[in-house]
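> Predicted model, plus sequence, below.
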Amino acid sequence: MTFPKPSFSPAEPVVSPVIAPPAGETRTSGLAEVKRRAGAVAAAVIPPLLTLLAILGVWQVVTGDSYAGLPSPAHVWTDSKTLILDPFFDNGGVDKGLFWHVLTSLKRVGIGFSISAVCGVMLGVLIGSNRWAHRGLDPIFQVLRTVPPLAWLPISLAAFREAQPSALFVIFITSIWPIIINTAVGVRNIPADYVNVAKVLRLSPVEYFFQILLPATAPYIFTGLRIGIGMSWLAIVASEMLLGGVGVGFFIWDQYNASRISDIIVALAWVGLTGFFLDRLVALLGHVIARGGAAS
Amino acid sequence: MAKAYLSIEGVGVTFTKGAARSEVLTGIDLRVDKGEFVSIIGHSGCGKSTLLNVVAGLAPVTTGAVILDKQEVNAPGPDRAVVFQNHSLLPWLSVRENVSLAVNKVFGASKSAAERRDWTLHNLDLVKMTHAMDKRPAEISGGMKQRVGIARALAMEPKVLLLDEPFGALDALTRAHLQDSVMEIHATLNNTVLMVTHDVDEAALLSDRIVMMTNGPRASIGQVLDVSLDRPRDRLAVAQDPTYIHARAAVIEFLYARRAA
C-alpha cells in the first residue's frame, strides 16, 4: 500500500492583510457594546419576569374570586394596597410599614449572625486542625445541625428566661452549623505545600493563622457564611414569634392571628427579597475578600 | 576525615502506618562541602524526595542523623530553604509579597524595613522577576512561578538550598532557561545546593557530583559520580565534552541497565 507523498506548495510570503479601521468604528463598537449589555440584562431579567407573570396568572385562575382560603393576587392587591405601596409609614406601636419591620429583623439577624460567624469560624478551625476535637465534636455537631429552629425555641426560652437573648440564640444556633462545617473542611484541605512553607519559615501559630490558614480557607469560610446567613434569615420568623413588637417575623405571626393572609403574602415577598439580597451581599463580600484565595 | 559542611550520617527512614511498616531509606551516608552542587537521581519512588525532606527537617529520621554546619537537623528551618516542585507560592499574595513574607520572617530582627524591602527586590532581580512583582501567582507562567520560588528560597540566605525536582513540571525550553539561571546564581552566590531530579541531562549539566539511588524500598546510595567539568558551563559546548558524555552515559547505565525499574 502506498501513501501519496505530502506535497507542500512553496510558501508565498504571507502578507497580513491590513484592515483599516472604518472611521466610525469606535462609535459603532460602543453602540454594539451597549446592545450586547442590554441583551445580557434582558436575558437575565425577562425569563424570571415571565415566569413570575405565569405563576401569578395560574394563581389567579386557580383561586378565582372566592374570599375563602388563599386570596388571589388581585385580592392581595386590593386588601394590602397601603402595605405594598408605602413601606415607610409609622403609626406608632407595631403599626409600621414593612420596611421598619424588615429593618428591625435585619438588626437581630445581624447580631445573631455576627456571633455565629465568629464562633463558627473558631470552632471550625479547631475541628479542622485538631484530630481529637474533630473526633469528639463532629458527630455531635452532625446531630445538632439537623434540629430545626422551632425546636430550639422552647429550650432557649427555658435556658435564658428572656425573649431577647432567646431569639438571638435561635438565630445563632441555626446559622452556626454550615459555618463550622465548611471552615473545618477548608482547614483540612489546606494544601500540604502551604503547611511546608510555613514550617520552613518557622511561622508562629499566630502568624500561621493569619498568613496561611485564614487566606487559604477564606473561600470555604465564605461558602459557610453564605449558607449561614440564609439559614439565620430562615430562623427569624421562629425567633420573633416569642419576641413580639416590631419585626417581620412577628408581623407574619400577628397577621396570621388577625387572619390577614394578604398581608402575610406581601410580607413573604419582603422576606424572600431581603434573603436574596443578604445572600448576594455575602457572596460579593467573599468574592472581594477571597480574591485569588482559591489554589491556582 | 574532615567534617563536611552538610553531613548525612547513616540515615534510615521507616514509615509506620498502623501495623504496616515500610522502610524507605536505609544506611544513607553523604557528605557535601560548602559551595558544592550535588544532585540526587533515581527512579520515582526510590525515596529521593524523602531524603531531601529529611535534610529539610520535614520528615523525621528513624536512624542516623543529618548535621549541617555542626548542628543536628531535627526541625524545618529557613537555613535549609526548599524550592518545591509545584512552586507552592501563596496564591493570595503578590510575587513580591511571597518573597517579602520570607524576608520579613527571617530578617525581621536583623534588618530594617528599608533593608528588607531592598533585599526582597534584590532577590527578585536575581531571578529576573522584578517586572512582574505586583502580579499574583495565578497571573504568571509556570516557569515564572518557579523563579519566584527560587527567589523566595534564596532570600532566606539558606546554608543549603534544597531543590525538589524544581523544573519537573516545566516544558523543555523553560526548563533549560531556568537551569541556566540556577547555574548563574550558583556561580554568583556559591550556595551549597542539594537537588533532587529525574533528568539525567539536568544532573550532569548542573552538578559537581551526582548521587545515584538504588530502587526502593530500602533504597540506598548506589553510586556517586564526580562531574569534573569547568564552570561556567555552557550547555552547547558541554554537550561535546567527553567528561559530560561519560557522566551522562554512566548515569543512564546505572539507571536503566543495572537498576531498571
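Yep, that arrived. Numbering: from 1, shown residues only, chains lettered A, B, ... in the order given.
> Please make it C-alpha for all contacts and neighbour counts, starting now.
Fine.
> OK, contacts around whichever residue of chain A sits closest to chain B?
For chain A, the nearest residue to chain B under the criterion Cα to the nearest Cα is residue A:200, separated by 4.5 Å. The neighbours of residue A:200, taking Cα atoms under 8 Å, 6 or more residues apart in numbering or on different chains as the test, are B:56, B:76-78, B:80-82.
> can we see that at 10 Å?
Contacts of residue A:200 were listed using Cα atoms under 10 Å, 6 or more residues apart in numbering or on different chains, and they are A:194, B:56-58, B:75-82, B:102, B:153, B:156.
> Contact residues of the stretch 51-200 of chain B facing chain A?
B:56-58, B:75-94, B:101-106, B:136-139, B:153, B:156 (Cα under 10 Å from any Cα of the partner chain).
> Counting only strands, which of the residues you listed make the cut?
Judged by DSSP state E, the subset of those located in strands is B:82-83.
> where's residue B:117, which helix or strand?
Assigned by DSSP states H and E, residue B:117 belongs to helix B:113-126.
> Do a quick rundown of the strands in chain B.
Going by DSSP E, chain B shows strands at B:6-17, B:20-32, B:37-41, B:63-68, B:71-72, B:82-83, B:160-164, B:192-197, B:209-213, B:221-226.
> Mean pLDDT and distance to residue A:163 added to these, as TSV?
TSV is the format used below for these (pLDDT from 0 to 100; distance: least, Cα to Cα, whole Å):
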stretch	mean pLDDT	distance to residue A:163
strand B:6-17	90	53
strand B:20-32	89	58
strand B:37-41	94	70
strand B:63-68	92	65
strand B:71-72	90	63
strand B:82-83	92	58
strand B:160-164	93	61
strand B:192-197	93	66
strand B:209-213	92	72
strand B:221-226	89	73
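> winner for burial among these?
strand B:82-83 (a mean of 30; mean count of other Cα atoms under 10 Å in any protein chain shown).
> tally of neighbours for residue A:54?
Residue A:54 is flanked by 12 other residues according to other Cα atoms under 10 Å in any protein chain shown.
> in which helix or strand would I find it?
helix A:25-63.
> Output the contacting helices and strands for that helix.
The criterion is 3 or more Cα pairs under 10 Å, 6 or more residues apart in numbering or on different chains; DSSP states H and E, and the helices and strands that helix A:25-63 contacts are helix A:73-79.
> what's in contact with the helix it packs on?
Against helix A:73-79 from outside (Cα under 10 Å, 6+ apart): A:56-61, A:63-67, A:70-71, A:81, A:83-85, A:260-266.
> Could you give me the PyMOL syntax to select whichever of the residues you listed are buried?
Restricted to buried positions by 16 or more other Cα atoms under 10 Å in any protein chain shown, the PyMOL selection for the contacts of helix A:73-79 reads:
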select buried, chain A and resi 59+60+63+70+71+83+84+260+261+262+263+264+265+266
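> Distance from the helix or strand in which residue A:288 is found to the middle of the chain?
Assigned by DSSP H and E, residue A:288 belongs to helix A:261-289. Chain-centre distance of helix A:261-289: 7 Å, with Cα atoms, centre = their mean, to the nearest Å.
> Filter the residues of the stretch 51-200 of chain B next to chain A down to the buried ones.
Buried subset of those (neighbour count, 16+ other Cα under 10 Å): B:56-58, B:76-94, B:101-106, B:136-139, B:153, B:156.
> I'd like to know how far whichever residue of the stretch 51-200 of chain B sits closest to chain A sits from residue A:182.
Proximity of the stretch 51-200 of chain B to chain A (Cα to the nearest Cα) peaks at residue B:77, 4.5 Å away. Using Cα to Cα, to the nearest Å, we find residue B:77 at a distance of 32 Å from residue A:182.
> Also residue B:145?
Separation of residue B:145 from residue A:182 (Cα to Cα) stands at 30 Å.
> With neighbour numbers in mind, choose between these two.
Remark: of residue B:145 and residue A:182, residue A:182 carries more neighbours, 25 against 21, as counted by other Cα under 10 Å.
> Just the C-alpha atoms of stretch B:199-218, please, in CSV.
C-alpha atoms of stretch B:199-218 as CSV (Å, rounded to 0.1, in the frame of the first residue of the first chain):
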residue,chain,number,x,y,z
ASP,B,199,16.5,14.3,34.5
VAL,B,200,19.9,12.9,33.5
ASP,B,201,21.0,15.9,31.5
GLU,B,202,20.0,18.2,34.2
ALA,B,203,22.0,16.3,36.7
ALA,B,204,25.1,16.1,34.5
LEU,B,205,24.9,19.8,33.5
LEU,B,206,24.4,21.3,36.9
SER,B,207,26.1,19.1,39.4
ASP,B,208,29.6,18.7,40.9
ARG,B,209,28.5,15.3,42.0
ILE,B,210,25.7,13.0,41.1
VAL,B,211,24.3,10.7,43.8
MET,B,212,22.5,7.7,42.2
MET,B,213,20.0,5.9,44.4
THR,B,214,19.0,2.3,44.2
ASN,B,215,15.4,1.4,43.8
GLY,B,216,13.2,1.4,46.8
PRO,B,217,12.0,0.0,49.2
ARG,B,218,15.1,0.1,51.4
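> Please identify the buried residues of that stretch?
Buried, per 16+ other Cα under 10 Å, within stretch B:199-218: B:200-216, B:218.
> contacting residues for the residue nearest to the spatial centre of chain B?
With distances taken as Cα atoms, centre = their mean, residue B:163 lies nearest the centre of chain B, 1.9 Å away. The contact partners of residue B:163, by Cα under 10 Å, 6+ apart, come to B:39, B:49, B:52, B:81-85, B:150, B:153, B:193-197.
> rerun that using 6 Å as the cut-off
The contact partners of residue B:163, by Cα atoms under 6 Å, 6 or more residues apart in numbering or on different chains, come to B:82-83, B:195.
> What of residue B:160?
So residue B:160 contacts B:80, B:192-193 (Cα under 6 Å, 6+ apart).
> swap the cut-off to 7 Å and go again
Neighbouring residues of residue B:160 by Cα atoms under 7 Å, 6 or more residues apart in numbering or on different chains: B:79-80, B:191-193.
> and the residues you listed as a markdown table, adding distance to residue A:234?
Output for the contacts of residue B:160, formatted as a markdown table (distance: Cα to Cα, whole Å):
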| residue | distance to residue A:234 |
| --- | --- |
| B:79 | 54 |
| B:80 | 53 |
| B:191 | 61 |
| B:192 | 62 |
| B:193 | 59 |
